[in-house]
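1. Sequence first, predicted coordinates after that:
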Amino acid sequence: MSKICIVGASGKLGQYMVQHALDRGFEVVGVCRERSVSKLDTFKGRITVIPGATNDREVIKKAVAGCDGVLTVLVPWGVHQYSSGTAQAVLDHARPGARLIFSCGWHITRDGQDVYSRSSEVVVKAFGWLGRLVRAVDLDDQVEACRRVFASDTRWTVVRGSDLEEGESQGLPVWSRHVGDPILESNITRRIDFALFMVEALENGELIHEAPAIVGCQTPSALAFKMVRT
Ligand SMILES: NC(=O)c1ccc[n+]([C@@H]2O[C@H](COP(=O)([O-])OP(=O)(O)OC[C@H]3O[C@@H](n4cnc5c(N)ncnc54)[C@H](OP(=O)(O)O)[C@@H]3O)[C@@H](O)[C@H]2O)c1
C-alpha cells in the first residue's frame, strides 16, 4: 500500500484517518467539500486535497486514480443520494484490486442477523424520521450505499461503528460479525480508534468482504471477552 485516497477527509473521522495514514508513510489524497478545505490546513504540504462533492463522479475519478486503497466516510447527510452516489462513484472508479474501506454505523446490517436493543431501534427510527422531515438526514440512503457495496465484487470492507466518543487512543478496536454479540455490549469506541481500524483494514486481508461491528478494546465488554478466552 503506498498511495491512498480518503473520501470525506475533512470530517472528524476523516482527519484522524489522514493522521494514521501519514504515520504509516502513505501518500494521501483527500476529498472534501470546497468550503471545508481549510479544516485540513494542519496537513498542508503533506497531502493532496481535491475539493468537491464526494458524490461527484468526476471528482472521485480524479481523486482515486493510482490509489491502492480508498477510505470512504459514508455520511447520511442530505437527501440527494449523497451516500449512495459517493459509494457508487468509488466502486466504479477505484482501480481493480484496490482495497475499499467504508464507514457506517451499527444500524447497517449485512445479513439481517444483527440483534438490536429496543432503545437503539427507537433512536434510529426517530433520528431517521426527524432527519427526513427537516431534509437533513437520509439514513435509508446510507443503507442503499451499503447494499451496493455488499453486492459489488470489489475488495471491500464495511466498518460499522458503535457510539463514538473523543479521547486518546486506546488501541485497535475489537470486532464481531453481529451487533448483539456479547463482546460488543459496551457500545462505545474512541473516534481516533475507529479511524485506526479503518486504516489498518487496508492491509488486513481477513477483513475483505466482512462488515465488522467494532467496539473499543478497553471497554468492559471487550475486556470481559478477553478474560474468557485466556
Ligand atoms: N457520530 C456517531 O455517533 C457515529 C456512530 C457510529 C458510526 N458513525 C459513522 O462514522 C462516520 C463518521 O461520522 P461522524 O459522526 O464521526 O462525522 P464526521 O467524521 O465529522 O464526518 C462528517 C462528514 O459529513 C460531511 N458532511 C457534513 N454535513 C454535510 C452535508 N450537508 N453534505 C455533505 N456532507 C456533509 C462532513 O464534511 P465537511 O467536513 O465538508 O463538513 C464530513 O466529511 C460515518 O460513516 C458515520 O455513519 C458515526
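-> Okay, I see it.
2. near the ligand, which residues of the protein?
-> Proximity of the chain to the ligand (CB under 6 Å from any ligand atom) is limited to residues 8, 10-14, 32-33, 36, 39, 73-75, 77-78, 82, 103-105, 161, 163-164, 191. Yep, even glycine has a C-beta here, placed from its N, CA and C like the rest.
3. Mind jotting down where the strands sit in the chain?
-> Along the chain, counting by DSSP state E, strands occupy 3-7, 27-32, 48-51, 69-73, 99-105, 155-161, 164-165, 174-176, 189-190, 213-215.
4. With mean neighbour count added, can I get these in TSV?
-> Written out in TSV, the entries for the strands of the chain read as follows (neighbours: other CB atoms under 10 Å):
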stretch	mean neighbour count
strand 3-7	27
strand 27-32	24
strand 48-51	17
strand 69-73	28
strand 99-105	24
strand 155-161	24
strand 164-165	14
strand 174-176	21
strand 189-190	24
strand 213-215	26
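5. okay if I get these as CSV plus distance to Ile60 and mean pLDDT?
-> Shown next, in CSV, are these (distance: least, CB to CB, whole Å; pLDDT from 0 to 100):
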stretch, distance to Ile60, mean pLDDT
strand 3-7, 7, 98
strand 27-32, 7, 98
strand 48-51, 9, 98
strand 69-73, 9, 98
strand 99-105, 12, 97
strand 155-161, 15, 98
strand 164-165, 25, 98
strand 174-176, 27, 98
strand 189-190, 27, 98
strand 213-215, 25, 98
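6. looking at the ones you listed, which is closest to Val143?
-> strand 99-105 (8.8 Å; CB to CB).
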